[in-house]
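Novice: Need the 3D shape of this:
(2 chains)
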Amino acid sequence: MSVERALEGTGGWLDDRFHGARGFRVFFRKIFPDHWTFLLGEIALYSFIILLLTGTFLTLFFQPSMTPVVYHGSYHNLDGVRMSEAYASTLNISFDIRGGLLMRQIHHWAADLFVAAILAHMLRIFFTGAYRKPREVNWLIGLVMFTLALLEGLFGYSLPDDLLSGTGLRITEGVLLSIPLVGTYLQFFLFGGPFPGNDIIPRLYIIHVLLIPGILLALITAHLFIMFHQKHTQMPGKGRTDTNVIGAPMYPYFMAKTGAFFFFIFGILALGSTFAQVNPIWLYGPYTPVGISSGSQPDFYMGFLEGSLRMSPSWTWDLAGHTVPWDVLIPALVPLGLIITGAALWPFIEQWATGDRREHHVNDRPRNAPTRTAIGIATVTFYGILWLEGANDVIADHLDISLYTTTEIARYAIFIGPVVAYMITKRICLGLQRKDLHMLQHGVETGIIHQLPSGEYVEQTRPLTEDEVAELDVRRPEKLPIEAATSAGGVPPRGMRGGLGRLKLAANKVVTESVPIETHGNGYGHGNGHENGHGEHAALPTGSDHGTDEADDGRNGTPGSHA
Amino acid sequence: MSDPTAPDDPAGAHSGPRRVIGTPPPAQARSLMGDGAGSAPPVQRELPAGPANPVRAKKAERVVAAFFILSMLASIGFIAAYIGLEVGSVDAVFRSNLALGLSMSVAFLALGFGAVIWVRHIMPTVEITEQRHPMRSTTEERQAFNQTFTEGAEASGFVKRPLLRRTLIAATLPLAVAPIVLLRDMGPLPGTYLRHTVWRKGLRLLNYGPNTPLRPADFSSPGGMITVVPDGYQDDDDALAMATSIIIKFQPGVLGAPTHMNWTVDNIVCYSKICTHVGCPAALYDEQEHHILCPCHQSTFDAAHGALVTFGPAPRPLPQLPLTTDSEGYLVAASDFQEPVGPSFWERG
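Specialist: Residues are numbered from 1 along each chain as shown, chains lettered A, B, ... in the order given. The predicted model follows:
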């Protein structure tokens, strides 16, 4: 096959019509930096595609109808039982359609993986500061997609109309009813009348298979287009700066790797669905408002909402003849609202507090932004406690402690946990920064001890490689506007003296807290005459002069080798 | 493209003479004279033509091919399993699921492994640096945009003619409300629906499941909790979603305030089963402590004392249903619940 003929035949025919040679060449030469955490978003993307594929298969056989039928199918344990058509058709997919059970299970596992991957991807973006300018909009799109993914999952697992998912809908009804002023109307409009009615399954169905996936698809397109247009961020490393991107090109490298990754994800989901049973609705039975299966647990991504409902104390207001059930409203709305709103505002709060309006394309290592990392871990702790409380019955059972004790603990932990997590994380980050600084100054401890002829013991250190230096050396660039303005005698400028200005200064102090690298005067060398190498570094390190300098530094920095 | 190593005229790369990939371009291509087939500029390679270690690549090639063949066989196996294995019983389904799932997993995973080995061991390792440019448009671009935008706005008269502007906005506002109005018929108005259940005076309590009426004498001894539904509504989910109840028979003297003793029959008390938190059936009962527990969010009610909340998020006791017996001695409701059952809602009061 002659590759040279790419633009003859079909390729040429297409280029005659679309003028594609130039554009596709750009596309083919697009550079993708490599880091394992960059795969997390891809997992979410491919799970979504697998959800579309398996979901389409399921729609061929699923009946989104609440019309009661009496079951006479292959699953004899439920023979003669009255159930909705939705539940009966789900049994049918599981037991009478070849490959139906497999597709159902892949669909369900893929949904769990989809949300898990989004969560992990979001954490990666947050902790590495990849949301910073110019990527704030993509961060916001991501948050919208995360919220939609939760809704999509909830609506999806409600469709089979089994006892477990029906209980989830019942809780949804209770939460809707709790909304002041309009709650009762919302519930009656969504359910087409009283719970459960006959409309909720068909309505959730069209929202689940068309509305939300359509919006998600549009947002994913925007998300990827923006990522492509702004170019991917890169992790700190040799030669990597805010003005370049280093990696392998799209064609053939990224195409092959990402294709392989898609196959892996599909393969692993298929493997999981072969051996790990998920959502066995035939064991739950059809929904009836009379019954409930004990140990009712929603899918993992709903666990934090379940937990927050569980840990709420009973607290209801009677407001001039109207009921305001804070015991439902607060746990149902506040945790998710707090996390999403906080995440949405954070990039702008950080910009405001640091005065940093520059573009950032090299990611931070989490330790190098201690406050951000601490806030992130505090949020994870907050979420984690809610999530654990969502399984408190299982925990109480396994640890053999009282159910109520777990809830009491959670009620305190939800307030104390995040604060403790914040403080510990910040200390750990600053400690790691000191360790990095130590390595920059003294090299890597090899654990080899030499005894000098004089009897003195010295530890041999290994000089850092250029790559290691590039990763560790995070000397801050020139002062940001806020610091620069206040540096003269510590007097803040006119605009910063008011209440908001003082708040900004205080926030600045907290957000930018770090172990300074530059205060060591002549850099991290041993004072061995490399002042010009480090002391004047104002901008980010730029490769070569730094590299040679450092190699030199390393040689001098190994007392063992001189001995 | 912004790659500094890229030739200035990428289109020219294709107009030169054909040559075998991996070989250097013919020397005469660099001469000013050209080679007669067009004077293409010299093409500088961006990617190496082959792997650094051809021997290792040759080995890898065989491994990759083996994986691809394995994948192909697995796919054929998938089709064979689909044709060969029937479903229709639990065992058959599990057999089919195992065969289909396993062959599908192998088909995908083998493809994935093959492709990864291909990339890592056959494609030469490259690292290319591409320059970034600030996202912000240049001053000239911004000025040009500004001019185009202003000219368009002026030409349209949108700025100069406020009447047009205001009537256009006035026209779109009700149009935006229309789709919301359109949703009105999604459901009836709630009215007072949530204040009542189907229970009424004389309606028998059926033991849910066998759906048989109950006599106080049928309770041989105090103890467990029985779920009851109103006679005639055992298949009406809308009715059951609110009317489902539980009855418990106590030892004499155990039931105490604030239980309405005149609503009990022979120490049998009836409460709504619908949790006052968010409406799950409060289905668990601890006979020792007389605690009714809702499995959803663990609201706990003291059955011996008017179903008062002893723990959890529920804001109110489970409402008590007034009981009596009919002429045949069966347990019946004396009336509907005296307060709304189930979760809180704004109009509840």
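Novice: How many residues are close by residue A:60?
Specialist: 10 (other C-beta atoms under 10 Å in any protein chain shown). Backbone N, C-alpha and C define where each C-beta goes, glycine included.
Novice: Point to the residue nearest the middle of the chain.
Specialist: Because you didn't say which chain, this covers chain A. In chain A, the centroid-proximal residue (C-alpha atoms, centre = their mean) is residue A:122; its distance is 2.2 Å.
Novice: Sorry, I should have been clearer: chain B.
Specialist: Centroid-nearest residue in chain B, with C-alpha atoms, centre = their mean: residue B:296, separated by 18.9 Å.
Novice: gap between it and residue B:50?
Specialist: According to C-beta to C-beta, to the nearest Å, residue B:296 stands 64 Å off from residue B:50.
Novice: What of residue B:236?
Specialist: Taking C-beta to C-beta, one finds residue B:236 at 75 Å from residue B:50.
Novice: With residue A:20 instead?
Specialist: Separation of residue A:20 from residue B:50 (C-beta to C-beta) stands at 28 Å.
Novice: Also residue A:443?
Specialist: As judged by C-beta to C-beta, residue A:443 and residue B:50 stand 38 Å apart.
Novice: Now stretch B:278-285: average pLDDT?
Specialist: Stretch B:278-285 shows an average pLDDT of 93 in the prediction.
Novice: right, is that stretch up against chain A?
Specialist: Yes: remark: stretch B:278-285 sits within contact range of chain A at B:278, B:279, B:280, B:281, B:283, B:284, by C-beta under 8 Å from any C-beta of the partner chain.
Novice: for the residue nearest to the centre of chain B, helix, strand, or coil?
Specialist: Under DSSP: H, G, I helix; E, B strand; the rest coil, residue B:296 falls in the coil class.
Novice: Surely it is in contact with residue A:292?
Specialist: Yes: applying C-beta atoms under 8 Å, one finds residue B:296 in contact with residue A:292, separated by 7.3 Å.
Novice: and for the two, which residues touch both?
Specialist: Residues within reach of residue B:296 and of residue A:292 at once, by C-beta atoms under 8 Å, 6 or more residues apart in numbering or on different chains, are A:167, B:280.
Novice: count of neighbours near residue A:367?
Specialist: By other C-beta under 10 Å, neighbour count at residue A:367 equals 21.
Novice: same question, the one 10 residues further on
Specialist: In terms of burial, residue A:377 registers 22 neighbours under the definition other C-beta under 10 Å.
Novice: where in the chain is pLDDT low?
Specialist: With no chain named, the answer covers chain A. Low-confidence segments of chain A (pLDDT under 70): A:1-4, A:294-295, A:475-481, A:483-495, A:518-563.
Novice: that's the wrong chain, I wanted chain B
Specialist: If you take pLDDT under 70 as the line, chain B has these spans: B:1-42.
Novice: Could you rerun that using 50?
Specialist: Chain B contains residues with pLDDT under 50 at B:1-17, B:19, B:25-38.
Novice: quick one, helices of it?
Specialist: B:54-84, B:90-117, B:139-156, B:162-182, B:237-243 (DSSP state H).
Novice: Nearest to chain A, out of those helices?
Specialist: Set against chain A and scored by C-beta to the nearest C-beta, the helices of chain B come closest in helix B:90-117, at 2.8 Å.
Novice: and the closest one, which residues are buried?
Specialist: B:93, B:96-97, B:99-117 (16 or more other C-beta atoms under 10 Å in any protein chain shown).
Novice: same for the biggest strand by length in chain A, what does it pack against?
Specialist: In chain A, with assignment by DSSP state E, the single longest strand is strand A:444-451. Judged by 3 or more C-beta pairs under 8 Å, 6 or more residues apart in numbering or on different chains; DSSP states H and E, strand A:444-451 is in contact with strand A:457-462, helix A:559-562.
Novice: Just want the angle from that strand to strand A:457-462.
Specialist: Strand A:444-451 runs at 150 degrees relative to strand A:457-462, counting by axes from the mean of the first three to the mean of the last three C-alpha atoms, to 10 degrees.
Novice: in strand A:444-451, what's buried?
Specialist: residue A:444.
Novice: which neighbours does it have in its sheet, and in what orientation?
Specialist: strand A:457-462 (antiparallel) (DSSP bridges).
Novice: Alpha carbons of the helix or strand that the partner strand is followed by, in CSV - could you do that?
Specialist: Using DSSP states H and E, the helix or strand that follows strand A:457-462 in sequence is helix A:466-472. The C-alpha atoms that make up helix A:466-472 are tabulated as CSV, following Å, rounded to 0.1, in the frame of the first residue of the first chain:
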residue,chain,number,x,y,z
GLU,A,466,17.1,17.0,34.5
ASP,A,467,13.6,15.5,34.5
GLU,A,468,13.5,15.4,38.3
VAL,A,469,14.6,19.0,38.5
ALA,A,470,12.0,20.1,36.0
GLU,A,471,9.4,18.4,38.1
LEU,A,472,10.5,19.7,41.5
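Novice: Tell me the gap between helix A:466-472 and the middle of its chain.
Specialist: Taking the mean of its C-alpha atoms, helix A:466-472 sits 27 Å from the chain's own mean (C-alpha atoms, centre = their mean, to the nearest Å).
Novice: Show me what it is packed against.
Specialist: helix A:403-442, helix A:544-556.
Novice: For it, list every residue counted as buried.
Specialist: Using 16+ other C-beta under 10 Å as the test for burial, helix A:466-472 gives A:466, A:468, A:469, A:470, A:471, A:472.
Novice: And the nearest residue to residue A:140 once chain neighbours are set aside, which helix or strand is it part of?
Specialist: Closest residue to residue A:140 in three dimensions, ignoring its sequence neighbours and counting by C-beta to C-beta, 6 or more residues apart in numbering or on different chains: residue A:344, at 5.8 Å. Using DSSP H and E, the element containing residue A:344 is helix A:326-354.
Novice: Could you point out the helix or strand that follows that helix?
Specialist: Beyond helix A:326-354 toward the C-terminal end (DSSP H and E), the next one is helix A:370-389.
Novice: counting contacts, what elements does that next one pack onto?
Specialist: When contacts are defined as 3+ C-beta pairs under 8 Å, 6+ apart, helix A:370-389 packs onto helix A:100-127, helix A:303-311, helix A:326-354, helix A:403-442, helix A:499-511.
Novice: swap the cut-off to 7 Å and go again
Specialist: For helix A:370-389, the packing partners by 3 or more C-beta pairs under 7 Å, 6 or more residues apart in numbering or on different chains; DSSP states H and E come out as helix A:100-127, helix A:303-311, helix A:326-354, helix A:403-442.
Novice: ok, and for the helix or strand just after the first one, which residues are buried?
Specialist: Next along the chain after helix A:100-127, taking DSSP H and E as the criterion, comes helix A:136-158. Buried residues in helix A:136-158, defined by neighbour count with 16+ other C-beta under 10 Å: A:138-139, A:141-143, A:145-146, A:148-150, A:152-158.
Novice: ok, how many other residues are close to residue A:307?
Specialist: Burial of residue A:307, expressed as a neighbour count using other C-beta under 10 Å, amounts to 26.
Novice: now swap in residue B:325 and tell me
Specialist: Residue B:325 has 18 nearby residues by other C-beta under 10 Å.
Novice: Please name the residues that touch it.
Specialist: Counting by C-beta atoms under 7 Å, 6 or more residues apart in numbering or on different chains, residue B:325 touches B:216, B:265, B:331, B:332.
Novice: The third one reaches residue B:322, doesn't it?
Specialist: To tie it back to what came earlier, the one meant is residue B:331. No: using C-beta atoms under 7 Å, residue B:331 makes no contact with residue B:322, being 11.3 Å away.
Novice: Show me which of the two is the more surrounded one.
Specialist: Using other C-beta under 10 Å as the criterion, residue B:331 and residue B:322 rank with residue B:331 on top: 24 against 19.
Novice: how much space between that one and chain A?
Specialist: As for residue B:331, its distance to chain A is 17 Å (criterion: C-beta to the nearest C-beta, to the nearest Å).
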